[in-house]
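Trainee: got a structure for you, letters missing:
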Ligand SMILES: Cc1cc2nc3c(=O)[nH]c(=O)nc-3n(C[C@H](O)[C@H](O)[C@H](O)COP(=O)(O)O)c2cc1C
């Protein structure tokens with residue numbers, strides 16, 4: 001019996017190209033990919049979407065791509081910068097579009113593992129952002145992974161990639177990426193028709 005390849009969607013970053021939160025996201029995503037998961041990234045300015053509008057079902061191509069990617073994902077990794085004590089508006093708005101999955105067979109993030117990362121210039125906001133992400137994912141029926149990662153980047157813990165970032169932070173991001181990919185693989189197997 002061949003096991004299906006799980007799809008992990010990595011979502012996050014800021015309007016800054018290759019922001020600290022996006023770099024952290026990519027370290028976790030690479031670790032998920034190393035376990036055999038297929039990775040899709042929607043990051044940075046790809047997430048500059050119109051504010052979620054309850055008054056129309058019309059969606060832009062970028063928004064449709066986001067909704068479709070979330071629908072197909074077996075697991076997600078989400079990274080937000082901490083803005084003024086919490087999740088950035090851009091990331092929260094992207095998560096608001098999960099509402100469009102409310103009538104799916106698998107509504108919202110139902111049953112999907114979700115790894116979470118908060119990056120800020122102080123511990124208070126980094127940890128607060130991680131907690132807020134957990135709260136949002138819980139309300140969307142997702143399963144936050146056991147390990148979440150809060151990063152205070154004021155002293156440059158995030159380098160350009162895993163090779164020049166703080167060793168402990170890299171290990172945490174990789175462990176979390178692996179946790180998401182392993183759970184996503186189990187769920188993808190459980191869902192696939194038996195042969
Ligand atoms: C609008 C704005 C608000 C911010 N608010 C906070 C904050 O309240 N606390 C904090 O520690 N860092 C704050 N920061 C700093 C970011 O969290 C920091 O740059 C972090 O590295 C993530 O940004 P990046 O992913 O865009 O690189 C803020 C940055 C911006 C642009």
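Mentor: Received, thanks. Here the structure is a predicted model, which means the values were calculated and not measured.
Trainee: Let me know the helix or strand that the spatially most central residue of the chain is in.
Mentor: Centroid-nearest residue in the chain: residue 78, 1.9 Å away (criterion: C-alpha atoms, centre = their mean). Per DSSP states H and E, residue 78 falls inside strand 75-83.
Trainee: After that strand, heading C-terminal, what element do we hit next?
Mentor: Following strand 75-83 in sequence, per DSSP H and E, is strand 86-87.
Trainee: Next SSE downstream of that following strand?
Mentor: Moving toward the C-terminus from strand 86-87, the next element (DSSP H and E) is helix 89-96.
Trainee: Could I get the pLDDT score of residue 131?
Mentor: At residue 131, the pLDDT value in this model is 98.
Trainee: what residues are up against the closest residue to it other than its chain neighbours?
Mentor: Spatial nearest neighbour of residue 131, excluding adjacent residues (C-beta to C-beta, 6 or more residues apart in numbering): residue 118 at 7.9 Å. Quick note: C-beta positions are derived from backbone N, CA and C, even for glycine. Residues near residue 118 by C-beta atoms under 8 Å, 6 or more residues apart in numbering: 79-80, 82, 87, 125-133, 148-151.
Trainee: and residue 118, bridged to which residues?
Mentor: Following DSSP bridges, residue 118 is listed with bridge partners residue 80, residue 150.
Trainee: Give me the pLDDT for it.
Mentor: At residue 118, pLDDT is 98.
Trainee: The ligand versus that one, what's the distance?
Mentor: For residue 118, the distance to the ligand (C-beta to the nearest ligand atom, to the nearest Å) stands at 9 Å.
Trainee: can you give me the strands in the protein?
Mentor: Counting by DSSP state E, the segments of the chain that form strands are 7-12, 38-43, 75-83, 86-87, 113-120, 143-144, 149-152.
Trainee: what about the longest helix belonging to the chain, near the ligand?
Mentor: Scanning the chain for the helix with the most residues, using DSSP state H, yields helix 167-191. No - taking C-beta under 6 Å from any ligand atom as the criterion, helix 167-191 and the ligand are apart, separated by no less than 12.4 Å.
Trainee: What residues does this structure have near the ligand?
Mentor: So far as C-beta under 6 Å from any ligand atom goes, the chain lies against the ligand at 14, 16, 19-21, 81-85, 119-122, 125, 153.
Trainee: Quick check: ChimeraX command selecting the buried ones in those.
Mentor: Restricted to buried positions by 16 or more other C-beta atoms under 10 Å, the ChimeraX selection for the residues of the chain next to the ligand reads:
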select :14,19,20,21,81,82,83,119,120,125,153
